[in-house]
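1. quick one, fold the following:
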Amino acid sequence: METSKKKTINNTMAAYLRYLKLERNYSPHTIEAYNRDIMKLNSFLVQKSIRIEEACLDNLRDFAVSLHDIGIGMVSQCRILSGVRSYYRFLMLDGYRDDDPSELLESPQTGKHLPEVLTTAEVDAMEDAIDLSKWEGHRNRAIIEVLFSCGLRVSELVGLRLADLYLDEQYVRVKGKGMKERLVPISEKAINELMLWFACRSEMNIKAGEEDYVFLNRRGAHLTRTMILIMVKAVAAEAGINKTISPHTLRHSFATALLEGGADLRVIQELLGHECIDTTEIYTHLDTQFLRSTILNHHPRNIRKE
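-> Numbers count the residues shown, from 1 in each chain. Presented below is the predicted three-dimensional model:
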């Protein structure tokens, strides 16, 4: 029977989640977020006796309106609808349906939100506010300096391994979203802070299996994103910085400092590891020496004072 041939939500979702994992190479955290978003849509459609595989554009627009009506913020609405579009593109490309009903589905206009950034002087103030008499002092200084000098995501920082450091060549190998790797130059100051931390780290009792992680907690295990968030906020408060600060603020500050120094925007996106569907291919051909010369010439940590 025709009905029996139709794919159920479990069939299509299982295939879709495999696609995200195997072909898109998304992280488990990202895949779970996509799964939750599609389940929201499915719950909405079930109430209207509509199969998710058979939804039309009007159904999806009604869903978008419902997100607004229940008070979901615009940024979250955009993320959810982005997942919906991804799901229906997959259904069409994989032959589950002949068209993509989400093709004309619009997201709300969120407006421009300028992220908080820190000046180099404020980053220096944060580092100076750290108590180096405590065992974690040099570790925290190294974390802040690496975030600012290399522009890493906090998830990239917590996953950083000793094998990823090429300090003689002044590079760090970074595993970004989708496990895509990139090389990011690292400043002499960041290297110096790392070496001071390594002197402390060498005296620690490190848990089995954690030996290769660069940054560890007092129990000898790798740090979590939450630990770093708490630390960065505490250090900023200690330095008297009255801004909404997170580890990502240091990443924004890295990019802003380069841009203000005259660096090419495309190079900055390559250094940040941004994945832009429309323009990513441009950045894959940039020479690593060009990336290195850009950061050395434009980032304030590398500009030598006369």
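
2. against residue 180, how distant is residue 45?
-> Distance, residue 45 to residue 180, using CB to CB, to the nearest Å: 34 Å. C-beta: built from backbone N, CA, C; applies to glycine.

3. so between the two, which is more surrounded?
-> residue 45 (20 against 13; other CB atoms under 10 Å).

4. which SSE is the more buried one in?
-> Using DSSP states H and E, residue 45 falls within helix 28-47.

5. residues contacting stretch 74-94, please?
-> 12, 15-16, 19, 33-34, 37-38, 40-41, 53, 60, 63-64, 67-68, 72, 96-103, 105, 107-110 (CB atoms under 8 Å, 6 or more residues apart in numbering).

6. rewinding a little: buried residues, the helix holding residue 45. List them.
-> 30-31, 34-35, 37-38, 40-42, 44-45 (16 or more other CB atoms under 10 Å).

7. so what's residue 131 up against?
-> residue 137.

8. Three-state assignment for it, please.
-> Recorded secondary structure, residue 131: coil (DSSP: H, G, I helix; E, B strand; the rest coil).

9. that one and residue 295: what is the separation?
-> Distance from residue 131 to residue 295, by CB to CB: 30 Å.

10. can you give me the strands for the chain?
-> 165-166, 171-175, 181-185 (DSSP state E).

11. any chance you could list what contacts the shortest one?
-> Translated: strand 165-166. With CB under 8 Å, 6+ apart, strand 165-166 has contacts from 172-173, 186, 194, 214.

12. so what are the sheet partners of it and their directions?
-> In the sheet, strand 165-166 lines up against strand 171-175 (antiparallel) (DSSP bridges).

13. for the protein, what helix or strand is lowest in average pLDDT?
-> Scoring the helices and strands of the chain by mean pLDDT, DSSP states H and E places helix 280-283 at the bottom, with a mean of 29.

14. show me the helices in the chain, by range?
-> 2-5, 9-22, 28-47, 57-69, 74-93, 120-128, 137-150, 154-158, 188-201, 225-238, 247-260, 265-272, 280-283, 288-298 (DSSP state H).

15. residue 219 is nearest to which of those helices?
-> helix 225-238 (11.3 Å; CB to CB).
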